[in-house]
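> Next come a sequence and a model predicted from it.
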Amino acid sequence: MSSFSYLKHLPVDYIKIDGSLVREMLDNKIDRAMVEMIVRMARVLGKEPVAECVESEDILAALCEIGVGYAQGYAFGKPEPFEIVCRSSQVFVARSVARCDHAQDSGGLSSLVAGTMRGLPNH
């Protein structure tokens, strides 16, 4: 079975876009075209595309423009061990994932918060 046939039958809600394509999409028209096609394919399949390795506001803006729903990367913060995050706060807000809300602000970043966990033990 080809990769696309396999993808068609996977019971998943999200499709991650490889960071090597995302990093170069502003400077390489082939990478941008591939990102656009992955987004389109994800939408046709009823999945949400997630872009990894978003390292700048310019990349984020381009991703929002072409319809990427979620992004993660250094543009939002450096990775930290979960244990350290739990020690520093009782409330954990996922900073490494952002959501573009196309309906409200025509492709702009509307919310940086992807999820909140409350009541974590303070170690």
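Structure's in. What do you need?
> sec struct for Ile15, please.
In the three-state summary, Ile15 is assigned as strand, counting by DSSP: H, G, I helix; E, B strand; the rest coil.
> Does it touch Pro49 like I think?
Yes: at 5.5 Å, Ile15 counts as touching Pro49 under the criterion of Cβ atoms under 8 Å. Bear in mind the C-beta positions are built from the backbone N, C-alpha and C, glycine included.
> In terms of neighbours, single out the busier of those two.
Taking neighbours as other Cβ atoms under 10 Å, Ile15 and Pro49 compare with Pro49 leading, 23 against 17.
> Name the strands paired with the helix or strand that contains Ala71 and say parallel or antiparallel.
Using DSSP states H and E, Ala71 sits in strand 70-72. Sheet pairing for strand 70-72, assigned by DSSP bridges, gives strand 48-51 (parallel), strand 97-100 (antiparallel).
> Could I get the contacting residues of Asp13?
Asp13 makes contact with Lys47, Glu48, according to Cβ atoms under 8 Å, 6 or more residues apart in numbering.
> Tell me where the chain is predicted with low confidence.
1, 85, 88-123 (pLDDT under 70).
> can you rerun that using 50?
Low-confidence regions of the chain, defined by pLDDT under 50, span residues 90-98, 102-123.
> now the helices for it?
According to DSSP state H, the chain carries its helices in the segments 3-9, 19-24, 29-44, 57-65, 82-88, 102-105.
> For Ala75, find the nearest of the ones you listed.
Evaluated with Cβ to Cβ, the helices of the chain place helix 57-65 nearest to Ala75, the distance being 5.7 Å.
> before we move on, back to that, export the helices of the chain to TSV and tack on mean neighbour count and distance to Phe76?
Converted to TSV, these look like this (neighbours: other Cβ atoms under 10 Å; distance: least, Cβ to Cβ, whole Å):
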stretch	mean neighbour count	distance to Phe76
helix 3-9	10	27
helix 19-24	18	13
helix 29-44	15	18
helix 57-65	18	9
helix 82-88	12	14
helix 102-105	10	18
